[in-house]
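Asks: Sequence first, predicted model second:
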Amino acid sequence: MSSAGQNRRWRALAVPWGALLALISSVSFAATEVGGKPEKTEITVTLPQPGGAQVPVFIAQEFGLFKKYGLNVKIQILNPQVAVQTVVSGDADIDNGGPTMSNARLRGAPVKYFGATTQQFVFQMYGEKEITNIQQLKGKTVAATTPRAAVEIVTREALKKAGLIPDKEVKILYVQTMPAVLTAIITGKTSAGTLSPPTTLKAREAGLNLLADISKMNIPGLQAGYGASEKFLKNNPNTVYAFLKAIAAGVVLAKSDPSSTKRAIAKYLNIEDPRMVDETYDAFAPYWASRLAVREEAIQAQLGSLDEKEFPNTKSADPKEFFDNSFADNLEKSGFLQGIGLVK
């Protein structure tokens, strides 16, 4: 389909602008007493490779929700480890990533999560045409993106649930990006790999076999958590409240207006195929959280997935020290989240 034709299709799917603005304007300050004028209005938010878990941020940016709550947000795409480093150094303010921040805190970085919108892992494992179940991966190699990232965590968990021992019975090859995982399977470099939507659609089209729908395994973890340095949280509480208000409004809009959300997915994930857009929305929409507070079990699961030789202080770590739910809790107690329809 031509670029012009593609644009016409997405315009047709989108709600009329008047109706869309009405939707946004209905997301009102239901609790103005929580959070005043942001201390810092120009902020940088880091993201890993864009995916469905980050859609609330894209919605907040695309439809002016950050601006509605007084923020000008610059989105920066970075490797997860680099993203946390930029937050620690102050070159960025907020990271919308996964488990990497908890790993950094274990190593002494003064960072904490303060909210989350996807707290279980939404992935699928696919195998080459000769592989029909996970047990057949014994003695073979599977692809993941980077060490200690969400993809590796769920890969290891899926293997363990199938009775296989990662590293001993199944080798994990790191290939950096999700497209590279797919390529590794198709070219025979690995026998399987863990993918996220919309790459899952390409896997099926290539004739690969679905070995495990990890989304349905209910593996807890922060696929999309929001974190910052402790210094930033202390010095900029109103900025944090404004950010979470915009994210909450983004979740509401994403769930209530699929057409406009799919248009944003197409833009920010650079997807031209409407089927891939549908694949992304349908896979992630059920898992965008109705509450923003970080769940302790999500942190505990992340800590439990780490190698004790690499992180010797894992066993003694208190999951509660890795997050600050005061902002999300106050928004809920004040009635703000209920007022915009996020919490029923």
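Replies: Nice, thanks for sending it over.

Asks: which residues of the stretch 1-150 of the chain fall in helices?
Replies: 3-13, 17-26, 55-62, 65-68, 80-89, 100-106, 150-161 (DSSP state H, counting those that start in this stretch).

Asks: Now the fifth one: buried residues?
Replies: Meaning helix 80-89. 80-81, 83-88 (16 or more other CB atoms under 10 Å). Where C-beta positions appear, they are placed from N, C-alpha and C, glycine not excepted.

Asks: got it, and the longest one?
Replies: Of the residues in helix 150-161, those buried under the neighbour-count criterion (16+ other CB under 10 Å) are 150-159.

Asks: Find the nearest non-adjacent residue to Gln300, please.
Replies: Pro319 (4.7 Å; CB to CB, 6 or more residues apart in numbering).

Asks: care to break the chain down by domain?
Replies: For the chain, the domain assignment from automatic domain parsing gives the residue ranges 3-121+220-339, 124-217.

Asks: Comparing those by mean pLDDT, which bottoms out?
Replies: Ranked by mean pLDDT, those end with domain 3-121+220-339 in last place, scoring a mean of 87.

Asks: And it, how far out from the chain middle?
Replies: 7 Å (CA atoms, centre = their mean, to the nearest Å).

Asks: got a list of what Gln120 touches?
Replies: Gln120 makes contacts with 215, 218-221, 223, 287, 298, as judged by CB atoms under 8 Å, 6 or more residues apart in numbering.

Asks: Let's have those residues in a markdown table, adding distance to Val57 and neighbour count.
Replies: Formatted as a markdown table, the contacts of Gln120 follow (distance: CB to CB, whole Å; neighbours: other CB atoms under 10 Å):
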| residue | distance to Val57 | neighbour count |
| --- | --- | --- |
| Ser215 | 20 | 20 |
| Asn218 | 24 | 8 |
| Ile219 | 22 | 21 |
| Pro220 | 21 | 18 |
| Gly221 | 18 | 26 |
| Gln223 | 13 | 30 |
| Tyr287 | 15 | 17 |
| Ala298 | 18 | 25 |
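
Asks: Out of those, which sit inside strands?
Replies: Here DSSP state E is the test, and the contacts of Gln120 give 220-221, 223 as lying in strands.

Asks: quick one: which of those residues is nearest to Lys189?
Replies: Gln223 (25.4 Å; CB to CB).

Asks: doesn't Thr100 make contact with that closest one?
Replies: No. Gln223 lies out of contact with Thr100 (CB atoms under 8 Å); the separation is 11.6 Å.

Asks: my guess is Ala180 meets Ala143, correct?
Replies: Yes. At 7.5 Å, Ala180 counts as touching Ala143 under the criterion of CB under 8 Å.

Asks: Same drill for the two, tell me which one is more crowded.
Replies: Ala143 (27 against 15; other CB atoms under 10 Å).

Asks: That one contacts Gly193, correct?
Replies: Yes. Using CB under 8 Å, Ala143 is in contact with Gly193, at 3.5 Å.

Asks: follow-up on the earlier one: separation between the residue nearest to Gln300 and Ser102?
Replies: 9 Å (CB to CB, to the nearest Å).

Asks: Now for these two: what residues contact both?
Replies: Joint contacts of Pro319 and Ser102 (CB under 8 Å, 6+ apart) are 299, 303.

Asks: who's more crowded, those two?
Replies: Taking Pro319 and Ser102 together and counting by other CB under 10 Å, Ser102 has the greater number of neighbours (31 against 18).

Asks: Identify the residues contacting that one.
Replies: 113, 222, 299, 302-303, 322.

Asks: Tell me the most packed of the residues you listed, by neighbour count.
Replies: Greatest neighbour count in these, by other CB under 10 Å, goes to Leu222: 31 neighbours.

Asks: Could you measure from that one over to Gln302?
Replies: 7 Å.

Asks: for Lys171, same thing?
Replies: 23 Å.

Asks: just Thr155 next, same as before
Replies: 14 Å.

Asks: thinking again about what came up before, any chance of the ones in strands among the contacts of Gln120 in TSV with distance to Pro166 as columns?
Replies: Putting the ones in strands among the contacts of Gln120 into TSV (distance: CB to CB, whole Å) gives the following:
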residue	distance to Pro166
Pro220	19
Gly221	16
Gln223	19
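
Asks: out of these, which one sits closest to Val73?
Replies: Gln223 (20.4 Å).

Asks: Enumerate every residue touching the closest one.
Replies: Contacts of Gln223 by CB under 8 Å, 6+ apart are 53, 98, 118-122, 150.

Asks: repeat that with 6 Å
Replies: 53, 98, 118, 121, 150 (CB atoms under 6 Å, 6 or more residues apart in numbering).

Asks: wait, the last one sits on Gly98?
Replies: This points to Ala150. Yes. With contacts counted by CB atoms under 6 Å, Ala150 reaches Gly98, the gap being 4.0 Å.

Asks: hmm, back to that, now, among the contacts of Gln120, which is nearest to Val277?
Replies: Val277 lies nearest to Tyr287 out of the contacts of Gln120, by CB to CB, at 17.0 Å.
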